[in-house]
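1. need coordinates for the below:
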Amino acid sequence: ALVNAEKAPKEAKFNAQEGKINTQISALGALKSAMSDFLEKIKPLSDAKTFTGFKSTLSNKDFMTATVDPTAVAGNYKVIVEQLAESHKLGSTAVTDVTAPIGSGSLSLTVGSESFNVAVGADDSLQDIMKNINASKDNVGVTATIIKGDNGAQLVLTSNKTGAANIVQASATDDSGTALSDVFAMTELQPAKDAILYVDGLKVTSDSNEVKNAITGINLTLTDANKDKTTTLKIEPNRESSKTAIKDFVNSYNELMKTMSGMSGYDPKTKKAGILQGDSVIRGVQNQMRGVLSSTSGDSGSMMLANLGIKTTQTGSLEIDDKKLDEVLSKDINAVSDFFSAEKTGFGTRMKDVTDSYVKTGGILDSRDESLDTQLSRITDSRESLALKMKAYEARLLKQYNAMDLIVGQMNAQGSMLTQRLDSLPGLVSKR
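-> Numbering: from 1, shown residues only. Below you'll find the model as predicted:
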């Protein structure tokens, strides 16, 4: 009981300290996760492409799709697709049984200016030849398939590339007879064709239906052709991507501030303080971020968030005036791009640097986490030290109690002896 009375208050203190530290470690982990999410949301703000990008609009989506890169030029283009690019196809003579041997020899296959050979064994069927062509390590770009039509099964050779230059040729050499040559007397099933389109009346020829940079910064994927149909392609600045990136930042910032407020604030209803109330880490994040929010950014140094219609409310959150933001994006996108994405002075870069200093490996949050781990290690050491002290204390008490028991026993024995001697004295009567 004495050992427990000595040990219990100290263990309770250790438990309380350990519990608080573990809660702080969990809170810092949650803060790091929230800040990492925020970092991902603000990355587009430091990329100039977010503000200098373009989008495409097609008056008719039946004939093509379009993708745009930042080198594009705003404008309207009239596009007519006259012809799609097609792969060359050849068909063999029809056979009745694709598993029956044809005859030994070799095949010479050519695509464009490249060729390769395939050996044909005496037991090889049309099906075997198809597999050997497709599996050949020397294959220069032809695919063999078997199509079973009304007249029998034919081996079809198709160029892997479209375009008039990628013509397939096939010839057979027999070891004896003409069986292999007879089967591989090829007929053209589909001619090789280039894609033909007209952009604002100018003819464009492409060996592929992926037409790249016929218009600067625009890639077209042709899907159908009709020379009598005109498609209008409109290229314009993509304001929506800019606005989306800005809104994502505002929403993410508000979520982060809400998370930090919950960790560091005080709830008068529950009368409980956040686990990181008064913590220097929380104050540091808030102060640095608010410093970026309230100052000018960009190389010009003349624009602030307020100029974009983004203001701080009384609760510390951000709110957007959509009308003002749309107006600035429409009138001065270059200034907005400079404000957010200037290489060293841009708002996105500055906010990213602040956030990264906390969440990166070896950053401020990791350092704080290591400090708390060190405190836990000290508590563990203190527990071990206390256990040794209590063990020694218990041993000392046992020794003292044993010694006391021995003295009490001796005194009892002496008392009995004295009583017996007194009883034996003449004239004394023991009262029992």
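2. going forward, measure contacts and count neighbours with C-alpha atoms only.
-> Will do.
3. in stretch 148-165, which residues are buried?
-> Going by neighbour count (16 or more other C-alpha atoms under 10 Å), the buried part of stretch 148-165 is 153-165.
4. sitting in strands, which of those residues do you find?
-> Per DSSP state E, strands hold the following members of the buried residues of stretch 148-165: 153-159.
5. tell me the secondary structure for Tyr198?
-> Under DSSP: H, G, I helix; E, B strand; the rest coil, the three-state class of Tyr198 is strand.
6. any chance of the ones in strands among the buried residues of stretch 148-165 in a markdown table, plus distance to Asn251 and pLDDT?
-> Written out in a markdown table, the entries for those read as follows (distance: C-alpha to C-alpha, whole Å; pLDDT from 0 to 100):
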| residue | distance to Asn251 | pLDDT |
| --- | --- | --- |
| Ala153 | 63 | 96 |
| Gln154 | 62 | 97 |
| Leu155 | 60 | 97 |
| Val156 | 58 | 98 |
| Leu157 | 57 | 98 |
| Thr158 | 53 | 98 |
| Ser159 | 52 | 98 |
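7. need the residues you listed in TSV with distance to Val354, can you?
-> Written out in TSV, the entries for those read as follows (distance: C-alpha to C-alpha, whole Å):
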residue	distance to Val354
Ala153	69
Gln154	68
Leu155	65
Val156	62
Leu157	60
Thr158	57
Ser159	55
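8. how about the helices in this protein?
-> With helices called from DSSP state H, the chain shows them at 2-42, 49-52, 126-135, 179-183, 239-264, 280-293, 322-331, 333-341, 347-359, 364-424.
9. mind listing what the lowest-mean-pLDDT helix or strand in the chain pairs with, with the direction of each?
-> For the chain, scoring each helix and strand by mean pLDDT, DSSP states H and E identifies strand 266-267 as the least confident one, at a mean of 74. Within its sheet, strand 266-267 is paired with strand 272-273 (antiparallel), according to DSSP bridges.
10. quickly note the distance from Ser337 to Gly291.
-> Applying C-alpha to C-alpha, to the nearest Å, one obtains 20 Å for the distance of Ser337 from Gly291.
11. what about these two, which has more around it?
-> A side-by-side neighbour count of Ser337 and Gly291, using other C-alpha atoms under 10 Å, places Ser337 first with 23 against 12.
12. verify the stated contact: the more buried one with Thr52.
-> Yes: with contact defined as C-alpha atoms under 8 Å, Ser337 reaches Thr52; the gap is 7.3 Å.
13. how many residues are close by Phe54?
-> When neighbours are counted by other C-alpha under 10 Å, Phe54 registers 24.
14. give the contact list for it.
-> In this structure, Phe54 makes contact with 68-70, 72, 74, 235-238, judged by C-alpha atoms under 8 Å, 6 or more residues apart in numbering.
15. follow-up on the earlier one: now the buried residues of stretch 148-165 in CSV, with distance to Asp37?
-> Shown next, in CSV, are the buried residues of stretch 148-165 (distance: C-alpha to C-alpha, whole Å):
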residue, distance to Asp37
Ala153, 59
Gln154, 58
Leu155, 56
Val156, 54
Leu157, 52
Thr158, 49
Ser159, 48
Asn160, 44
Lys161, 44
Thr162, 45
Gly163, 47
Ala164, 51
Ala165, 51
